[in-house]
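[1] 3D model of this:
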Amino acid sequence: MRLTEDIHKKVVLFQQTEITEYHIYKWLAKRINSPENAKILDQIAEDELRHYNGWKKYTNEDVKPRWFFVWFYYLVSIVFGFTFGVKLMEQGEEAAQENYGAIIGVIPEAKQIREEEDEHEEQLLNMLDEERLQYAGSVVLGLNDALVELTGALAGLTLALQNGKLIALSGLITGIAASLSMAASEYLSTRSEQTNKNPIRAAIYTGIAYIITVTLLVLPYLLMPENFYADLVIALSTAVIIIAVFNYYISVAKGESFKARFLEMAGLSLGVALFSFVIGYFIRQWLGIEI
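    Reported below is the predicted structural model:
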């Protein structure tokens, strides 16, 4: 079959995408400790290679993979988890699949390949099982509680104390005590539930998420103690960034809505901060405290 120049370029691009993803899945399959997950990724890799050879029948070309993307998605998968890396890669592929419509009428196999990309691989991806996603709820608990509680505390303390070092001291004491309390609560809660989660690991995930959040929020007060109002703005901005980054991760890895989760968490944190800021002002006026 003789292809037009435009169709030929599209098919070569598809071919390159398939061989690139073949190498990514193969590398990840060798890196993963779980035999079940390795088998799933290896099966997807073989599908990608079969698609590559299917396109090759029409181009009669050997196309090299895009090694930059192979390394990029491989490293992202190692750092942030293979589920996140694989699904992020598949999201990028969805945008490219719009070109399928232009060639389905020319190449009969294109429809079948697109259906496999849309259905078969998605089913396989949903079978992936990763520990860090099993404990995502524990991380959400630590993050959400730290963000809501500490943004509110810092806002109230900023207006009440008006001293960067005192605010940082109070915030750290409050945050560390709360992180230990939340970790203990998560341990007891997980132990009482009928789940496969390990209570100790769940507590560790909750506590670490809480402490990291506390550290990032209090850090501006430690670095610039004299500019406490600016520190509050930086802390609130940091909270919004943390919420955005974490919810983007969850939205990709678990296929959930980013916008809904982000607006909910950001609204709670900033709303509590505003309320606490006002309460701090009235308490300061009521007690007549000057520091």
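
[2] in the stretch 151-291 of the chain, which spans are strands?
    Along the stretch 151-291 of the chain, counting by DSSP state E, counting those that start in this stretch, no stretch forms strands.

[3] pLDDT below threshold where in it?
    Scanning the stretch 151-291 of the chain for pLDDT under 70 picks out 194, 280-281, 283-285, 287-291.

[4] ranges for the helices of it?
    Taking DSSP state H, counting those that start in this stretch, the helices of the stretch 151-291 of the chain run over residues 164-192, 199-223, 228-254, 258-287.

[5] out of those, which is closest to residue 113?
    With C-beta to C-beta as the measure, helix 228-254 is the member of the helices of the stretch 151-291 of the chain nearest residue 113 (23.8 Å). All C-beta spots, glycine's among them, are computed from the backbone N, C-alpha and C.

[6] residues contacting the residue nearest in space to the middle of the chain?
    Centroid check for the chain by C-alpha atoms, centre = their mean gives residue 249 as the closest residue, at 1.2 Å. Residues in contact with residue 249 (C-beta atoms under 8 Å, 6 or more residues apart in numbering) are 80, 84.

[7] what about the nearest residue to residue 256 once chain neighbours are set aside, how many residues close to it?
    Distances taken as C-beta to C-beta, 6 or more residues apart in numbering place residue 250 nearest to residue 256, at 6.0 Å, with adjacent residues excluded. Per other C-beta atoms under 10 Å, the neighbour tally for residue 250 reads 20.

[8] same thing with the one 10 residues further on?
    The criterion is other C-beta under 10 Å. On that basis, residue 260 has 11 neighbouring residues.

[9] same thing with residue 226?
    Around residue 226 there are 9 other residues, counting by other C-beta under 10 Å.

[10] I'd say it and residue 164 touch.
    Yes: counting by C-beta atoms under 8 Å, residue 226 does reach residue 164; the two are 6.0 Å apart.

[11] enumerate every residue touching residue 195.
    So residue 195 contacts nothing (C-beta under 8 Å, 6+ apart).
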